[in-house]
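Visitor: fold the stuff below for me.
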Amino acid sequence: MSDKEAADFQNTEIENENTHSEDIQIHQPSFSEERTRTSQDIHTHADGQTCGKVYCTGDNNEYIHIGRQKFLRTELIDAFGGTLQPGLAPESTHKFGNPAPLGLSAFALTTFVLSMYNAGAQGIKIPNVVVGLAMFYGGLIQLLAGMWEIALENTFGGTALASYGGFWLSFGAIYIPWFGILDAYKAKESDLGNALGFYLLGWTLFTLGLLFCTMKSTIMFFALFFFLFITFLLLTIGEFTGRSGVKTTAGVFGVITAFIAWYNAYAGVSNRQNSYIVAHPFPLPSNEKVLV
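Guide: So this is what the prediction gives:
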């Protein structure tokens, strides 16, 4: 160890002794300090709990240390609809393709077809053509995409895609006679609207929760769940009230939701190597404040 490194190490140890045990510091040391910061990585609180420090190192602060983990700044993934990643996160250690565009495409097409029916396009009254899409594309394929997102350590993406895959599977089951769901209400058809209303209300609340998780992401990422929430809310109101106009409005919002989902899917596939048209993320304002 050189004289300069020994001096740096000595100074670091003195700083450790003078630092209050309950403080979590953000520090940007010089490059020469990088190899001597191991003893400062973790601070222990008076109650015995440990907290990791976050700080930068390197000539141009290109490394970010989070506790005992070290990342290149360029390797941290920003919020992006094309990956269904709502916040800053390290890349997955698994080397798979990005399943988000597949899941988003499955969601978009199934939503588009059903919403066109809800909007009253071409006067279609029987929605059963969507059953095949709901069971296999929007259901099975989206469920598989959600499981791949879990393998890629993307909890939000896996929860969203797998859940809506389950939604489409359950929706398709309603219109398949083998399940007997619609037949169960033949004796009292007035209960069907309320039953579907509760069904859709549950998905409305679930979508609202996901919407809150995208408030610091990007405009199109947030817009996808915002318009989906409005769509579910209108469908719920339509089933409870029986008003066809509300259902038609929900169909219009559903079509918009489908196109936003396709946009996010395209954003996850397109790049400068395969297209002249590339989607650029527009981040929403973000800070560390929380309401509760």
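
Visitor: hey, let's count contacts and neighbours off CA atoms from now on
Guide: Fine.

Visitor: the longest helix along the chain: which residues count as buried?
Guide: Longest helix in the chain, counting residues (DSSP state H): helix 244-269. Neighbour-count burial for helix 244-269, counted by 16 or more other CA atoms under 10 Å, picks out 246-269.

Visitor: remind me what that helix packs against, helices and strands.
Guide: helix 100-118, helix 219-241 (3 or more CA pairs under 8 Å, 6 or more residues apart in numbering; DSSP states H and E).

Visitor: pLDDT of it, averaged?
Guide: For helix 244-269, mean pLDDT is 97.

Visitor: i'd like the first residue to be 52 from this point on
Guide: Done: numbering now begins at 52, and the last item shifts to helix 295-320.

Visitor: okay, buried residues for stretch 212-226 please.
Guide: Quick answer for stretch 212-226 (16+ other CA under 10 Å): 212-220, 222-226.

Visitor: hmm, who's touching stretch 196-205?
Guide: For stretch 196-205, the external contacting residues (CA atoms under 8 Å, 6 or more residues apart in numbering) are 135-136, 143-145, 147, 149-151, 153-154, 206, 208-214, 216.

Visitor: and it, average pLDDT?
Guide: 94.

Visitor: next: stretch 275-292.
Guide: Per-residue scores along stretch 275-292 average to 98.

Visitor: tell me which of the helices and strands packed on helix 295-320 lies nearest to Gln324.
Guide: helix 151-169 (17.2 Å; CA to CA).

Visitor: can you name the next helix or strand after the closest one?
Guide: Using DSSP states H and E, the helix or strand that follows helix 151-169 in sequence is helix 181-183.

Visitor: alpha carbons of stretch 179-191, as CSV, please.
Guide: Output in CSV follows, covering the C-alpha atoms of stretch 179-191 (Å, rounded to 0.1, in the frame of the first residue of the first chain):
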residue,chain,number,x,y,z
ASN,A,179,-68.5,-14.8,-28.5
VAL,A,180,-65.8,-14.3,-31.2
VAL,A,181,-63.6,-12.9,-28.5
VAL,A,182,-63.6,-16.2,-26.5
GLY,A,183,-60.9,-17.8,-28.6
LEU,A,184,-58.6,-14.7,-28.1
ALA,A,185,-59.5,-14.5,-24.4
MET,A,186,-58.6,-18.2,-23.8
PHE,A,187,-55.4,-18.5,-25.9
TYR,A,188,-53.9,-15.1,-26.8
GLY,A,189,-55.0,-12.7,-24.1
GLY,A,190,-55.2,-15.6,-21.5
LEU,A,191,-52.6,-18.3,-22.0
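
Visitor: list the buried residues of that stretch.
Guide: 181-182, 184-191.

Visitor: surely Cys107 forms part of a helix?
Guide: No - using DSSP: H, G, I helix; E, B strand; the rest coil, the assignment for Cys107 is strand, not a helix.

Visitor: out of the contacts of stretch 196-205, which are inside helices?
Guide: Per DSSP H, the contacts of stretch 196-205 map to helices at 151, 153-154, 206, 208-214, 216.

Visitor: which pair in those spans the largest distance?
Guide: Counting by CA to CA, the most remote pair of the ones in helices among the contacts of stretch 196-205 is Leu153 and Thr206, 16.6 Å apart.

Visitor: and these two? which has more neighbours close in?
Guide: Leu153 (23 against 16; other CA atoms under 10 Å).

Visitor: now the closest residue to that one other than its chain neighbours, what's its secondary structure?
Guide: With CA to CA, 6 or more residues apart in numbering as the criterion, Leu153 has its nearest non-adjacent residue at 6.6 Å, and that residue is Ala196. Of the three states, Ala196 takes helix according to three-state DSSP.

Visitor: just to revisit the earlier point, okay, the helices and strands packed on helix 295-320 in TSV with distance to Ile328 next?
Guide: Formatted as TSV, the helices and strands packed on helix 295-320 follow (distance: least, CA to CA, whole Å):
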stretch	distance to Ile328
helix 151-169	16
helix 270-292	16
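
Visitor: quickly find the element holding Tyr250.
Guide: Per DSSP H and E: helix 241-263 holds Tyr250.

Visitor: what pLDDT, on average, does that helix get?
Guide: 96.

Visitor: chain center to it: distance?
Guide: 20 Å (CA atoms, centre = their mean, to the nearest Å).
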